[in-house]
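A.B. asks: build me a model from this:
(one chain, ligands or ions: 1)
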Amino acid sequence: MLQNYCILAGKLNDLSQHSFSFLEGSKVLVTGGAGFIGSHLCERLLELGAQVRCLDNLATGFARNLSNFKEHPHFEFLEGDIRSLDTCLEAVKDIDFVLHQAALGSVPRSLKDPMLTHEVNTTGFLNMLWAAKSVDVQRFVYAASSSTYGDSKELPKQEDRIGRPLSPYAITKYTNELYAQVFHDHYGIDTIGLRYFNVFGERQDPDGAYAAVIPKFVKAFLHGESPIIHGDGSYSRDFTYVKNVVQANLLALCTTKKEALNTVYNVACGNQCTIQDLASHIRTILTTSDPKIQDISMKFGPKRAGDVPHSLASITRAEELLDYQCAVPLQSGLKKAMPWYIQHLKNKTNV
Ligand code: NAD
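C.D. replies: This is a model prediction of the structure:
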């Protein structure tokens, strides 16, 4: 059983104020660790003294995401696919904690190829859960998604009130929650699901057909082009800087409150930003390095199928049970992440 590991040195807006000393020497498996969010988790866990194994098939992740720490003596990379139960069983050997991030993201991708999304996100998830149970891991924390709120119009989104899913991706993420609950009820494994809301930050892939909105907009502005807004720009999201997500994962690993386990949490900032305002914020930040960007206007295109109009999280449950706080709000996160996006895009295209 977990001891009282989560020592709080303070509760103010500072990500460093929690002590995660329990992680020192513990063995953590991060699936999808070569991805955007997973690589931040690996890096932070290594800083905290954990031994980290990363399982990833590099489907959407990159070896470059591991470059800061791949030579770390406590880091191990296992290239493999969560669709193989044998691979999952190999990955969990001697593991204390699992942070399951591996999945195929993107609503449009799931509409184009629902079978593949299902195999990776549902069957792969079940494989990982089964493997984790077979070695009795102390805790299985997994990436859930705000897409589970589906067509519910209620704002802010509260964990217990969801609508009908709007995409195959959303179905897979909701199915994960159902499996996690059943595995707790029947096999006693402790799980926590973290419903991430539109995460952004360093190492988020700006390329490819399924890139997220922030890197897409940055890329367009840097190329002197108008970013395309789907719809009239009034749709809104609760954008969440990746370091907040890392913090939520660490808190989910360390909580010892019984009532905090075997449930799901919104991981967001509790703030709504329209897509049009987001584009304006990005333009303002980029204008400081290139004044010509100020003159670029936005373009509006058709709405995208499966898109939820508005997304805003209530983060009360995470605040109360995990001591989570949104330490880095949207505008500060954008400023922190922008140099990485700019550098990455310049390296690729010499803009
Ligand atoms: P990402 O694509 O950067 O990371 C996913 C990682 O999983 C990649 O490294 C990929 O190679 C790996 N992967 C995919 N299929 C695999 C397979 N079959 N076997 C092994 N590894 C595989 O995406 P991300 O944004 O870092 O997302 C991480 C998790 O968070 C995902 O579960 C995603 O659904 C969830 N999520 C992300 C967001 C967001 O805004 N980024 C929002 C909600 C939920």
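A.B. asks: need the contact list for Ala102.
C.D. replies: Neighbouring residues of Ala102 by Cβ atoms under 8 Å, 6 or more residues apart in numbering: 31-32, 35, 38, 55-57, 82, 120, 124, 128. Heads up, the C-betas are built off the backbone N, CA and C, glycines and all.
A.B. asks: list, out of those, those positioned next to the ligand.
C.D. replies: 32, 35, 38, 56-57, 82, 120, 124 (Cβ under 6 Å from any ligand atom).
A.B. asks: just curious, which of the residues you listed is nearest to Gln294?
C.D. replies: Gly35 (33.4 Å; Cβ to Cβ).
A.B. asks: thinking again about what came up before, just the contacts of Ala102: which are in helices?
C.D. replies: Among those, the residues falling in helices (DSSP state H) are 38, 124, 128.
A.B. asks: my guess is the last one contacts Ala103, does it?
C.D. replies: No: with contacts defined as Cβ atoms under 8 Å, Met128 does not count as touching Ala103, sitting 10.2 Å away.
A.B. asks: do a quick rundown of the helices in the stretch 151-300 of the chain.
C.D. replies: Under the criterion DSSP state H, counting those that start in this stretch, the stretch 151-300 of the chain contains helices at 168-187, 213-222, 242-254, 275-287.
A.B. asks: before we move on, back to that, could you list which of the ones next to the ligand among the contacts of Ala102 belong to strands?
C.D. replies: The strands, defined by DSSP state E, take in Asp56 from these.
A.B. asks: tabulate the ones next to the ligand among the contacts of Ala102 (a markdown table), appending distance to Asp205, pLDDT and neighbour count.
C.D. replies: Output for the ones next to the ligand among the contacts of Ala102, formatted as a markdown table (distance: Cβ to Cβ, whole Å; pLDDT from 0 to 100; neighbours: other Cβ atoms under 10 Å):
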| residue | distance to Asp205 | pLDDT | neighbour count |
| --- | --- | --- | --- |
| Gly32 | 13 | 98 | 29 |
| Gly35 | 8 | 98 | 28 |
| Gly38 | 12 | 98 | 26 |
| Asp56 | 14 | 99 | 29 |
| Asn57 | 15 | 98 | 20 |
| Ile82 | 19 | 99 | 27 |
| Val120 | 17 | 98 | 22 |
| Gly124 | 20 | 98 | 27 |
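A.B. asks: can you name the residues of the chain sitting close to the ligand?
C.D. replies: Residues of the chain found near the ligand (Cβ under 6 Å from any ligand atom) are 32, 34-38, 56-61, 81-83, 101-105, 120, 124, 143, 145, 196, 198-199.
A.B. asks: the same query, at a cut-off of 5 Å, please.
C.D. replies: 32, 34-37, 56-57, 59-61, 81-82, 101-103, 105, 120, 143, 145, 196, 198-199 (Cβ under 5 Å from any ligand atom).
A.B. asks: follow-up on the earlier one: out of the contacts of Ala102, which comes closest to Leu250?
C.D. replies: Minimum distance to Leu250 across these is 13.8 Å, recorded for Gly38 (Cβ to Cβ).
A.B. asks: how many neighbours does Ser26 have?
C.D. replies: Ser26 has 19 neighbours, counted by other Cβ atoms under 10 Å.
A.B. asks: thanks a lot, see you next time.
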